[in-house]
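> Any chance you could fold what I've pasted below:
(one chain, ligands or ions: 1)
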Amino acid sequence: MYPDLQGKVAIITGAGRRKGLGEAMARRLAAEGCKVVLSDLGAAQGEQMPESAIGTRSELEQIAAEISSAGGEAHAAVCNVLQESDVAALVAAAVKQFGRLDIMVNNAGIGYLMRPIVATEQSNWDAVLGVNLRGVFLGIKHAAIQMIKQGQGGRIINVGSQASKSGFPFAAAYVSSKHGVVGLTRTAAIELGPHKINVNTICPNHITTGLGAWQNEYFSAATGRSQEQYLADMRARIPLGRPGLQDDIAKACAFLASDQATYITGEAMNVSGGEEYH
Ligand SMILES: NC(=O)c1ccc[n+]([C@@H]2O[C@H](COP(=O)([O-])OP(=O)(O)OC[C@H]3O[C@@H](n4cnc5c(N)ncnc54)[C@H](O)[C@@H]3O)[C@@H](O)[C@H]2O)c1
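Coordinates of the predicted model:
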């Protein structure tokens, strides 16, 4: 669909969990002809994230292998986006494997640890802000260093949220981190524009990924509704009448990575069926 993406090299963080947005964006970019580096945490680190909530090394490698056996070019690399040395090594791995870096998708995020403010521990706050905001900062920084060195521009695509635009109860850390991603995107767009590096954020509404399924369970219980009622209420708020799909985000990602989006930067683009419009 976007011939200019053929042969471009893309990194996608948080791409090792099945049904996740990272997996969908990696598969879509590969289908467009990009050489993709999928990365994820690989194993739980610390108590804040259970093993069930993370993309394991074997899942990550399987997804990359499936892309390769379908005719794409994919490489898997473990990276904890909280660690600057890991992020720098991830960019270096992409360059070693495929010779350059054109597209950086900062998707890794955590939406667990949702609590009322009065019950939120400092460690919860730090964990969410760390991955969702510091992780995106480090991804922008190290992608930009490489892209500036190459001198041919590039695309940085961050994954924000509906929570980048609106407040939600029980989600202070998440909402703050995702609002922060928008400020970071705008600032990076200004700094990196002279290098022809476009920086944008995609703001999805609800999508039933592994994280999304957990959120359905958590928020329906927290608001005293059955999951069916919670989802029916959600559909009723969305002008297009359905929650988002992984593919909706993958399509937006491919568009922002393509030449069709050459003059778009600093945007926080809603992909929400009309639920968010500011
Ligand atoms: N699903 C939704 O409804 C929704 C809506 C809006 C925004 N988002 C955002 O989309 C992104 C992807 O979420 P998803 O729904 O696909 O969830 P997901 O849980 O399937 O994917 C998130 C991935 O991030 C990885 N990750 C977590 N901590 C990491 C770390 N320190 N280093 C590297 N990787 C790490 C996890 O292992 C996981 O594979 C997140 O940034 C999330 O906040 C999701």
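
> my guess is residue 278 meets residue 165, correct?
Yes - Residue 278 is within contact range of residue 165, at 6.0 Å (criterion: CB atoms under 8 Å). Using the backbone N, CA and C atoms, a C-beta is placed for each residue, glycine as well.

> Neighbour count: the two, which is higher?
Just comparing residue 278 and residue 165: by other CB atoms under 10 Å the higher neighbour count belongs to residue 165, 20 against 6.

> In space, what's closest to the more buried one - neighbours in sequence excluded?
residue 276 (5.0 Å; CB to CB, 6 or more residues apart in numbering).

> Please determine how far the one you found is located from residue 59.
30 Å (CB to CB, to the nearest Å).

> all helices for this protein, in order.
21-31, 57-69, 84-98, 122-129, 135-150, 172-192, 210-222, 227-237, 246-257 (DSSP state H).

> Could you name the helices and strands sitting against the second one?
Using 3 or more CB pairs under 8 Å, 6 or more residues apart in numbering; DSSP states H and E as the contact criterion, the elements in contact with helix 57-69 are helix 21-31, strand 35-40, strand 73-78.

> which parts of this structure sit against the ligand?
13-14, 16-17, 20-22, 40-41, 53-55, 79-82, 107-111, 131, 159, 161, 204, 206-207, 209-212 (CB under 6 Å from any ligand atom).

> List the residues that contact the closest residue to the ligand within the stretch 51-200 of the chain.
Closest residue of the stretch 51-200 of the chain to the ligand, CB to the nearest ligand atom: residue 109 (2.2 Å). The neighbours of residue 109, taking CB atoms under 8 Å, 6 or more residues apart in numbering as the test, are 14, 131-132, 135, 159, 177, 211.

> next one: residue 178
132, 160-161, 163-164, 203.

> Determine the longest strand present in the protein.
Among the segments of the chain that qualify as a strand by DSSP state E, the longest is strand 197-204.

> what angle do that one and helix 210-222 make?
40 degrees (axes from the mean of the first three to the mean of the last three CA atoms, to 10 degrees).

> count of neighbours near residue 88?
Residue 88, neighbours per other CB under 10 Å, totals 16.

> hang on, the earlier thing: pLDDT score assigned to the residue nearest to residue 165?
Looking at residue 276, its pLDDT is 97.

> Pull up the gap between it and residue 190, please.
23 Å.

> again, but for residue 114
Relative to residue 190, and taking CB to CB, residue 114 is found at 32 Å.

> The two - which one has more neighbours?
residue 114 (22 against 12).

> can you pull the contacts of the closest residue to that one other than its chain neighbours?
In space, and not counting its chain neighbours, residue 114 is closest to residue 170: 4.8 Å by CB to CB, 6+ apart. For residue 170, the contacting residues are 114-116, 218-219, 222, by CB under 8 Å, 6+ apart.

> Looking at those, which one is closest to residue 70?
residue 218 (34.5 Å; CB to CB).

> That closest one contacts residue 114, correct?
Yes - with contacts counted by CB under 8 Å, residue 218 reaches residue 114, the gap being 5.7 Å.

> From residue 207, how far out is the residue nearest to residue 14 when sequence neighbours are not counted?
Excluding the flanking residues, the one nearest residue 14 by CB to CB, 6+ apart is residue 108, at 3.2 Å. Separation of residue 108 from residue 207 (CB to CB): 16 Å.

> Likewise for residue 171?
16 Å.

> Same question for residue 196.
31 Å.

> just residue 21 next, same as before
Taking CB to CB, one finds residue 21 at 7 Å from residue 207.

> Compare neighbour counts for those two and give me the winner.
residue 21 (28 against 22).

> Would you agree that one is in contact with residue 206?
No - Residue 21 is beyond contact range of residue 206, at 11.6 Å (criterion: CB under 8 Å).
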